[in-house]
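S.K.: this is a predicted model, with the sequence first.
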Amino acid sequence: MTGGEAMVRAAAANGTDTIFGLPGAQIYPLFDAIYTDPGIREVISRHEQGAGYMALGYAQATGRPGVFSVVPGPGLLNAGAALCTADGVNVPVVCLTGQVMSEFLGKGRGHLHELRNQDGYLRSIIKHVDHISDPTNTSAQVNEAFRQAISGRPGPASVDMCWDTMAKTYDVEIGPGVDGADKPEVDLDAVKDAAKLVAGAKKILIMAGGGAREASAEVRELAEMLGAAVTSFRGGRGVVAEDHACSTSSAAGRLLWEDTDLLIGIGSRLELQYMRWGSWEHYVDRPPEGGAKVIRIDIDPDEMTRFRPDVGVVADAVDGTRALLEEIGRQGHHPGDLERIAAAKATAGKNIREIQPQMDYLDMMRDVLPRDGFFVEELCQVGFASNFGFPIYEPRTYVTTGYQGTLGYGFPTALGVKVGRPDRAVLSIIGDGGFLFGMPELASAVQQDIGVVTVIFNNNSYANVRRDQQRLYDGHVIGAELENPDMVKLAESFGADAWRVDSPATLRPVLEKAIDNNRPAVIDVTIERGSETSPWKYIVG
Ligand SMILES: Cc1ncc(C[n+]2csc(CCOP(=O)(O)OP(=O)(O)O)c2C)c(N)n1
């Protein structure tokens, strides 16, 4: 088989059923291998950023690695924001790409798509980078990329092969793919120490991060056992359904944090507690003396030195939480206080209603989107408010850009979510600024019938930037006011369904219809420039 075929077969051995991408000379053999493989669906993007974001969305929605293929050099650079975002949100993505002809590798002669140091560029943003020089090793090297992508703190990996190597034919054997992620042994002494802290605590807050996505049952059981509150910010939303008595929005979590005496972080960097809440005073290395005691359960041992807890349990979230539950069963705990949690939920629920018009739109969309539907947030005024104001009921269904804050990721990522979970409703909410970053993917959506419903909150501005500039720079607004195309005509010209509305009441029936139609749809919501309440007090405050 050709080197390209070997790469595709090795990916297939790892369960790949879809490859997102955009073809070009160096990766022709790989695309031809996809063409001839009935088990793999090719989903085409109109820009390499789209391919990367779609792979990210697919992985986020399914829990399985998202695979994409783009040309090296500029194609790979175009996908860079998606790769660093996948790294930031710990989502497994595997990039299959090319390289210059092998005789030109590292020569700097200026061969097609040559970068000064492609390997170095990739290493600076993703977890694992590999080059296949001997195609007979393809199976092992592609397996290693998948193993890296799913093991420890999941993240992106890439494998490349030179143009000529990918095109030539070799005797290659493709073995079985990796069978699951590597997991560390749980340190039971650390778990005993953690349970000791639990036994002495009365007001416990559990912070579920993206690393707890697979540990819903365990985190819920822990919260129920302790009568403790569980909160989350972005990646861990829905680990415990937000209508559960123990589960709170981050706005309610903020109120409870005031007198929390023990924080249990599960698969979380604890960004809210120590980089945002209370002040801009950051706690970089460790929690402050005299504050809540801190237990961290995290699969990444480096996390325990980056931000030192009182007790660190290096473990997969499922195994670590399960071990802690068992040990608490032996050591005991104080009763929890569900009324205290309910009171915080009620107060926060009332307080956040001041964020208008975002909250009225969010309430209505929550009402319309099915409980298991995906909500793809974005860096816009409604997106920020959704961090605390849009209850989530299942893990993975709040799709987020995480700490990278990658404007424009939302729409193409939502397409990947829908490809991964075609059975579910997928709602992308986005600003007019962010939408135009990925707008060409409307063509991909229509051509491949990917039924994402996109709601553009159109305030003809980069509202956040505009507000910051007005507040911090004597009202000087620069580069933040936009003149936009007619989004409805634009979307229609691509063949998508499109509507324009101007209130939650007029949005409701249109959104219902669009979700029901299950076709690519764009709803342009007219918002007066500068009219939104700043959502920041419930994120930083
Ligand atoms: C890749 C990237 N570029 C720039 C920014 C800076 N940025 C953050 S929010 C924002 C404005 C977003 O505007 P829009 O999408 O229209 O949403 P709005 O805030 O107006 O609702 C910008 C430019 C960013 N976060 N990411």
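M.R.: Arrived safely. These numbers come from a predicted model, not from an experiment.
S.K.: what's the neighbour count on the residue of the stretch 301-450 of the chain found nearest the ligand?
M.R.: Relative to the ligand, the nearest point of the stretch 301-450 of the chain is Gly431 (2.1 Å; CB to the nearest ligand atom). No exception for glycine: its C-beta is placed from N, CA and C like everyone else's. Counted with other CB atoms under 10 Å, residues neighbouring Gly431 total 28.
S.K.: also Gly3?
M.R.: Neighbours of Gly3 (other CB under 10 Å): 27.
S.K.: is it true that it touches Ala167?
M.R.: Yes - Gly3 lies in contact with Ala167 (CB atoms under 8 Å); the separation is 7.0 Å.
S.K.: before we move on, back to that, what's around the residue nearest to the residue of the stretch 301-450 of the chain closest to the ligand when sequence neighbours are not counted, how many residues?
M.R.: What sits nearest to Gly431 in space, not counting adjacent residues and going by CB to CB, 6 or more residues apart in numbering, is Cys380, at 3.2 Å. Per other CB under 10 Å, the neighbour tally for Cys380 reads 28.
S.K.: and if you look at the one 5 residues further on?
M.R.: Look at Ala385: counted by other CB under 10 Å, it has 26 neighbours.
S.K.: so it makes contact with Asp360?
M.R.: No - counting by CB under 8 Å, Ala385 stays clear of Asp360, with 10.3 Å between them.
S.K.: so Met268 is in contact with Gly211, correct?
M.R.: Let me fix one detail, which is that residue 268 is Ser and not Met. Yes - contact between Ser268 and Gly211 holds when scored by CB under 8 Å: they sit 6.6 Å apart.
S.K.: quick check: what element follows the helix or strand where Thr413 lies along the chain?
M.R.: According to DSSP states H and E, Thr413 maps onto helix 410-420. Remark: after helix 410-420, the chain's next helix or strand is strand 426-431, criterion DSSP H and E.
S.K.: which bits of the stretch 351-500 of the chain sit near the ligand?
M.R.: Counting by CB under 6 Å from any ligand atom, the residues of the stretch 351-500 of the chain close to the ligand are 379-381, 405-408, 431-434, 457, 459, 461-465.
S.K.: kindly recompute the last result at 5 Å.
M.R.: 379-381, 405, 407, 431-434, 459, 462-465 (CB under 5 Å from any ligand atom).
S.K.: so which bits of this protein are right by the ligand?
M.R.: With CB under 5 Å from any ligand atom as the criterion, the chain meets the ligand at residues 379-381, 405, 407, 431-434, 459, 462-465.
S.K.: what about Leu112, neighbour count?
M.R.: Using other CB under 10 Å, the number of residues around Leu112 comes to 15.
S.K.: now do the contacts for it.
M.R.: By CB atoms under 8 Å, 6 or more residues apart in numbering, the residues touching Leu112 are Ala25, Gln26, Gly73, Val100.
S.K.: how far away is it from Leu490?
M.R.: 33 Å (CB to CB, to the nearest Å).
S.K.: ok, now which ones touch the spatially closest residue to Gly236 that is not a sequence neighbour?
M.R.: What sits nearest to Gly236 in space, not counting adjacent residues and going by CB to CB, 6+ apart, is Ala208, at 3.7 Å. Contacts for Ala208 (CB under 8 Å, 6+ apart) come out as Ala215, Val219, Val230, Thr231, Ser232, Gly236, Val239, Val240, Ile266, Gly267, Ser268.
S.K.: wait, the first one touches Val239, no?
M.R.: Yes - contact between Ala215 and Val239 holds when scored by CB under 8 Å: they sit 6.8 Å apart.
S.K.: which one of the two has more residues nearby?
M.R.: Under the criterion of other CB under 10 Å, the comparison of Ala215 against Val239 puts Val239 first, with 32 against 26.
S.K.: hmm, back to that, separation between the residue of the stretch 301-450 of the chain closest to the ligand and Asp119?
M.R.: To Asp119, Gly431 is 36 Å away according to CB to CB.
S.K.: how about Asn464?
M.R.: Distance, Asn464 to Asp119, using CB to CB: 36 Å.
S.K.: looking at the two, which has the bigger crowd around it?
M.R.: The neighbour count for Asn464 versus Asp119, taken as other CB under 10 Å, is higher for Asn464 (21 against 15).
S.K.: what's the helix or strand for that one?
M.R.: helix 463-472.
S.K.: one step back: now do the shared contacts for Ser268 and Gly211.
M.R.: Joint contacts of Ser268 and Gly211 (CB under 8 Å, 6+ apart) are Gly235, Gly236, Asp298.
S.K.: buried ones among these?
M.R.: Burial by neighbour count, 16 or more other CB atoms under 10 Å: within the shared contacts of Ser268 and Gly211 this picks out Gly235, Gly236, Asp298.
S.K.: next, count neighbours for the residue of the stretch 201-350 of the chain at minimum distance from the ligand.
M.R.: Residue nearest to the ligand within the stretch 201-350 of the chain: Arg234 (14.2 Å; CB to the nearest ligand atom). Arg234 has 21 neighbours, counted by other CB under 10 Å.
S.K.: residue contacts, it?
M.R.: So Arg234 contacts Gly210, Glu377, Asn387, Tyr398, Thr400, Gly402 (CB under 8 Å, 6+ apart).
S.K.: A strand includes the third one, no?
M.R.: No - the assignment for Asn387 by DSSP: H, G, I helix; E, B strand; the rest coil gives helix, which leaves it out of any strand.
S.K.: that one against Phe233, yeah?
M.R.: Yes - the criterion here is CB under 8 Å, and Asn387 meets it with Phe233 at 6.5 Å.
S.K.: joint contacts of those two?
M.R.: By CB under 8 Å, 6+ apart, the residues touching both Asn387 and Phe233 are Ser250.
S.K.: who has more neighbours out of these two?
M.R.: Neighbours per residue, other CB under 10 Å: of Asn387 and Phe233, the larger number sits with Phe233, 27 against 21.
S.K.: and the more buried one, what pLDDT?
M.R.: We have a pLDDT of 97 for Phe233.
S.K.: list the residues that contact it.
M.R.: Phe233 neighbours (CB under 8 Å, 6+ apart): Gly209, Ser250, Glu271, Leu272, Asn387.
S.K.: so the fourth one belongs to a helix, correct?
M.R.: Yes - with the criterion set as three-state DSSP, the secondary structure at Leu272 is a helix.
S.K.: and the pLDDT for it?
M.R.: In this model, Leu272 carries a pLDDT of 95.
S.K.: number of residues surrounding it?
M.R.: Leu272 has 23 neighbours, counted by other CB under 10 Å.
S.K.: thought it was touching Ser250?
M.R.: Yes - contact criterion CB under 8 Å: Leu272 and Ser250 qualify, at 6.0 Å.
S.K.: now do the shared contacts for those two.
M.R.: Thr231, Phe233.
S.K.: return every residue with contacts to both of Gly3 and Ala167.
M.R.: What both Gly3 and Ala167 touch, as defined by CB under 8 Å, 6+ apart, is the set Pro29.
S.K.: excluding chain neighbours, what is closest to Lys418?
M.R.: Closest to Lys418 by CB to CB, 6+ apart is Val426, at 4.4 Å.
S.K.: looking at the residues of the chain next to the ligand, spot the one nearest Val294.
M.R.: Val294 lies nearest to Gly405 out of those, by CB to CB, at 25.4 Å.
S.K.: mind listing what the closest residue to the closest one other than its chain neighbours touches?
M.R.: Residue nearest to Gly405 in three dimensions, not counting chain neighbours: Leu379, with 5.6 Å by CB to CB, 6+ apart. Residues near Leu379 by CB under 8 Å, 6+ apart: Thr401, Gly405, Thr406, Leu407, Gly431, Gly434, Asn464.
S.K.: filter those residues down to just the ones in strands.
M.R.: Counting by DSSP state E, those place Gly431 in strands.
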